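A.B. asks: Pasting a predicted model and its sequence here:
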Amino acid sequence: MSEHRCFVYGDNINTDLIFAGKYTYTLRTPEEIASHALEDLDPTFAQTVQQGDVIVAGRNWGSGSSREQGVTSLKWSGVNIIIAESFSGLYFRNCINQGVHPIVCAGLSEKVKRGDTIRIEGGYIIHDGEYYAIPPLSPSVQAILDAGGLAPMLAKRFANE
Amino acid sequence: MSGYTFAEKALARAAGVSSARAGDVLDIRPDLIFSHDNTAAIRKIFLGFGAKRILHPDRVAITLDHAVPAPTTLHAQNHAEIRAWVAEQGIGHFFEVGRGICHQVISEEGLILPSEVIFGSDSHTTHFGWLGAFGMGVGRTEMAALWATGELWLAVPQAMKITLTGRLPNGTTAKDIALRILRDLSVQGGQYRSIEFFGDTISTLSIDERPVIPNMMAEFGAMNAYFPPDETVFNFLRARTNHSYTPLYPDNDAVYEAEYALDVSDLAPQIALPNQPDNVVDLDQAIGTPIQQAFIGTCTGGRYEDLVMAAEVVRGKKIRSRLIVIPASADVMLRAAQTGVLADLISAGASIATPGCGPCMGNHLGVPASDEASISTGSRNFKGRMGTTDAPIYLANAYVVAASAVCGMIVHPDEVMS
Ligand code: SF4
């Protein structure tokens, strides 16, 4: 069981709003990158986010550019779970590869408000007494997530060979 | 139960499962994977895993194309590292400096066949849809993982159906179709779907025109793009490979999340204004804009017929702006040399460079100065794409680009050719 505070956003939030293109080549350290997360959408996010917080978003979260910082800027801010009505496919792929759990969840984003707490327990998201099923990932994808991403998973695998 | 899309069929095949649906997560074993000048960077990630040998070196292709011949010592060292890696790992398909741009070369070599899956560490890997294959761009870490394990997980994409009908009028090309789709549906329109094309226009498009549309679906945000392969494709492959294949076609009752139809029979030449490939208008609205450089080249617009179009326009004339011509491959260049097309271009004042990406992403061989406007047959006109953020880029077909070189400003080709 775990509890998480929510940041709530709408539909079609693109990766430029999550991490601005102008920073992609100039910022390098995780701290710097995290300090500009969601800057153009929610300027207070980077100052208020804490380890374990989650994003709850509407449809098509992470559309647009393929930049990995759209995921890593949030991960390095302490966000390890992103819940959305739907994800852009490329963003979903980036999440898994970076070890951030993308949860497709219909209906939650309309109910939950910024600052609410959700519980995650036994394959469900629980909010305000309602249960939302977490769709299972295929075993090989779950293994990547459990390892913390594609690079750490392969590092572990080749260390054992 | 409804039928299957091309993406559902192709990915099920490559995952070794009997069927798949959009949203299913599969482990895909691609038929071919490729990288280019970014190979040395991928090697570092691969070694960082602790991996030592590429699992299926025979399924790996590497081209040197993004900065060739090496413009600086640093680039040369990068190439040298890649050559050493190719030798050490016994990479199956290596193409040296001058052979051409990855997408063009792999097509010409017959390395990818209808129904197959190809992943490249390059966003324009959607290109291979022209062969009825599933082509998708991947990140560098993903390519390193593919080297190490031969597979990559993927969620089967939703699909979009685009129907093209009618025959293009003279002076318009496949490039104009791609620009029109972007104009109507925007760079977000693809939504990382499988874009599957239908309609009678496809069979009217030549070998050289076909790749343009799937290629530019990268600008549309597609995961992959697909043309149903026909005799034109089968004949092209017959001359290049004796491997057999079974083409895949989507079922008539496949489920498409979105649909769009375009009658191309009265399509006017299109032009993308700076700084986004969907900032598209009819050519008429850009007439008279001064340009300092015109560029015929890239994986989108540097094939033989593009050079022929340009030669038709400039033959017997002198250009006013700079005209850079970079054939997409050595095959293209050789053919253009043999048929006199290169001679026409050179006589008009064009400069010809080694097959490769050239200035497309601002590396070398004709990058603009500040405030110099370019017009290009390429696919991207983002701010700074060709090296400096204050050099505006216009995108159009090869007739328009060549005609604009003749006049030193954007013009309608009719003005030059009549
Ligand atoms: S020609 Fe341009 S778009 Fe094509 S692969 Fe090279 S850099 Fe990319």
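C.D. replies: Structure's in. What do you need? Computed from a prediction, not measured in an experiment: that's the story for all the values here.
A.B. asks: Got the domain ranges for chain B?
C.D. replies: With domains defined by automatic domain parsing, chain B comprises B:6-263, B:270-417.
A.B. asks: Among those domains, which comes closest to chain A?
C.D. replies: Taking C-beta to the nearest C-beta, domain B:6-263 is the member of these nearest to chain A, at 3.6 Å. Glycine gets a C-beta too; all of them are placed from N, C-alpha and C.
A.B. asks: re earlier: just put the domains of chain B in TSV and tack on distance to the ligand.
C.D. replies: Listed next are the domains of chain B as TSV, based on distance: least, C-beta to the nearest ligand atom, whole Å:
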stretch	distance to the ligand
domain B:6-263	5
domain B:270-417	3
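A.B. asks: Distance to chain A and mean neighbour count for those domains - can I get that in TSV?
C.D. replies: Shown next, in TSV, are the domains of chain B (distance: least, C-beta to the nearest C-beta, whole Å; neighbours: other C-beta atoms under 10 Å in any protein chain shown):
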stretch	distance to chain A	mean neighbour count
domain B:6-263	4	21
domain B:270-417	9	21
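A.B. asks: Now do the SS call for the residue lying closest to residue B:150 once chain neighbours are set aside.
C.D. replies: Once flanking residues are discounted, residue B:150 sits nearest to residue B:55: 4.5 Å by C-beta to C-beta, 6 or more residues apart in numbering or on different chains. Classification of residue B:55 by DSSP: H, G, I helix; E, B strand; the rest coil places it in coil.
A.B. asks: so what's residue B:55 up against?
C.D. replies: Counting by C-beta atoms under 8 Å, 6 or more residues apart in numbering or on different chains, residue B:55 makes contact with B:147, B:148, B:149, B:150.
A.B. asks: And the pLDDT at it?
C.D. replies: Looking at residue B:55, its pLDDT is 98.
A.B. asks: quick check, the lowest-mean-pLDDT helix or strand in chain A touching chain B?
C.D. replies: Least confident helix or strand, chain A: helix A:15-18 with a mean of 87, by mean pLDDT, DSSP states H and E. No: applying C-beta under 8 Å from any C-beta of the partner chain, one finds helix A:15-18 separated from chain B by no less than 11.2 Å.
A.B. asks: Point out the other helices and strands that that helix packs with.
C.D. replies: Helix A:15-18 sits against helix A:69-75, with contacts defined as 3 or more C-beta pairs under 8 Å, 6 or more residues apart in numbering or on different chains; DSSP states H and E.
A.B. asks: Would you mark the buried spots in the helix it packs on?
C.D. replies: By neighbour count on 16 or more other C-beta atoms under 10 Å in any protein chain shown, the buried set for helix A:69-75 is A:69, A:70, A:71, A:72, A:73, A:74, A:75.
A.B. asks: now, which of those residues sits nearest residue B:74?
C.D. replies: Using C-beta to C-beta, residue A:69 comes nearest to residue B:74 of the buried residues of helix A:69-75, at 24.9 Å.
A.B. asks: And the longest helix along chain B, what does it pack against?
C.D. replies: In chain B, taking DSSP state H as the definition, the longest helix is helix B:73-89. Under the contact criterion of 3+ C-beta pairs under 8 Å, 6+ apart, helix B:73-89 touches helix B:39-48, strand B:60-63.
A.B. asks: if I look at residue B:349, how far off is residue B:319?
C.D. replies: Going from residue B:349 to residue B:319 by C-beta to C-beta, to the nearest Å gives 4 Å.
A.B. asks: now the helices for the chain?
C.D. replies: Answering for chain A, as no chain was given. Under the criterion DSSP H, chain A carries helices at the ranges A:15-18, A:30-34, A:45-48, A:69-75, A:89-98, A:108-111, A:139-147, A:150-159.
A.B. asks: ah, I was thinking of chain B
C.D. replies: Under the criterion DSSP H, helices of chain B are mapped to B:6-15, B:39-48, B:73-89, B:102-108, B:140-149, B:174-185, B:212-216, B:231-238, B:298-301, B:304-314, B:330-338, B:341-348, B:398-407, B:413-417.
A.B. asks: The closest residue to residue B:250 other than its chain neighbours: what's it in contact with?
C.D. replies: Closest residue in space to residue B:250, ignoring its immediate chain neighbours: residue B:6 at 4.5 Å, by C-beta to C-beta, 6+ apart. By C-beta under 8 Å, 6+ apart, the contact list for residue B:6 reads B:134, B:159, B:194, B:196, B:226, B:248, B:249, B:250, B:254.
A.B. asks: now residue A:27
C.D. replies: Listed by C-beta under 8 Å, 6+ apart, the contact set of residue A:27 reads A:33, A:36.
A.B. asks: phi, psi of it?
C.D. replies: Backbone torsions of residue A:27, given as degrees, to the nearest 10, read phi -100, psi 140.
A.B. asks: Tell me the pLDDT of it.
C.D. replies: As predicted, residue A:27 sits at a pLDDT of 81.
A.B. asks: Quick check: bridge partners of the spatially most central residue of chain A?
C.D. replies: Centroid-nearest residue in chain A: residue A:82, 3.3 Å away (criterion: C-alpha atoms, centre = their mean). Going by DSSP bridges, residue A:82 is paired in beta bridges with residue A:55, residue A:102.
A.B. asks: do you know how far it is from residue A:108?
C.D. replies: Here the criterion is C-beta to C-beta. By it, residue A:82 lies 12 Å from residue A:108.
A.B. asks: right, and residue B:394 touches residue B:275 too?
C.D. replies: No: with contact defined as C-beta atoms under 8 Å, residue B:394 does not count as touching residue B:275 (10.3 Å).
A.B. asks: Give the residues shared as contacts by these two.
C.D. replies: With C-beta under 8 Å, 6+ apart, residue B:394 and residue B:275 have common neighbours residue B:381.
A.B. asks: Does residue B:145 touch residue A:149 like I think?
C.D. replies: No: Residue B:145 lies out of contact with residue A:149 (C-beta under 8 Å); the separation is 10.5 Å.
A.B. asks: Now do the contacts for residue B:164.
C.D. replies: Each residue near residue B:164 by C-beta under 8 Å, 6+ apart is listed here: B:177, B:197, B:198, B:199, B:200, B:201, B:202, B:261, B:262, B:264.
A.B. asks: beta partners of the residue nearest to the third one when sequence neighbours are not counted?
C.D. replies: The shortest distance from residue B:198 to any non-neighbouring residue, by C-beta to C-beta, 6+ apart, is to residue B:163 (4.6 Å). Per DSSP bridges, residues listed as beta-bridge partners of residue B:163: residue B:198, residue B:261.
A.B. asks: And residue A:117, by the same measure?
C.D. replies: Beta-bridge partners of residue A:117, as defined by DSSP bridges: residue A:5.
A.B. asks: In terms of pLDDT, where does it sit?
C.D. replies: At residue A:117, the model reports a pLDDT of 97.
A.B. asks: now for the helices of chain B, which one comes closest to residue A:56?
C.D. replies: Among those, helix B:140-149 comes nearest to residue A:56, with 27.3 Å by C-beta to C-beta.
A.B. asks: other SSEs contacting that closest one?
C.D. replies: helix A:89-98, helix A:150-159, strand B:32-35, helix B:39-48, strand B:117-120, strand B:152-155.
A.B. asks: hmm, who's touching the fourth one?
C.D. replies: Defining contact as C-beta under 8 Å, 6+ apart, one finds that helix B:39-48 is touched by A:151, A:155, B:35, B:54, B:62, B:78, B:81-82, B:85, B:121, B:140-141, B:143-144, B:147-148.
A.B. asks: let's go with 6 Å and repeat that
C.D. replies: Contacts of helix B:39-48 from elsewhere in the structure, counted by C-beta atoms under 6 Å, 6 or more residues apart in numbering or on different chains, are B:35, B:62, B:78, B:81, B:82, B:85, B:140, B:141, B:143, B:144, B:147.
A.B. asks: okay if I get the residues you listed as TSV plus pLDDT?
C.D. replies: Shown next, in TSV, are the contacts of helix B:39-48 (pLDDT from 0 to 100):
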residue	pLDDT
B:35	97
B:62	98
B:78	96
B:81	98
B:82	98
B:85	98
B:140	88
B:141	91
B:143	96
B:144	96
B:147	98
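A.B. asks: any chance of these in a markdown table, plus distance to residue B:216?
C.D. replies: Below are the contacts of helix B:39-48 laid out as a markdown table (distance: C-beta to C-beta, whole Å):
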| residue | distance to residue B:216 |
| --- | --- |
| B:35 | 21 |
| B:62 | 24 |
| B:78 | 28 |
| B:81 | 32 |
| B:82 | 28 |
| B:85 | 31 |
| B:140 | 23 |
| B:141 | 26 |
| B:143 | 22 |
| B:144 | 28 |
| B:147 | 28 |
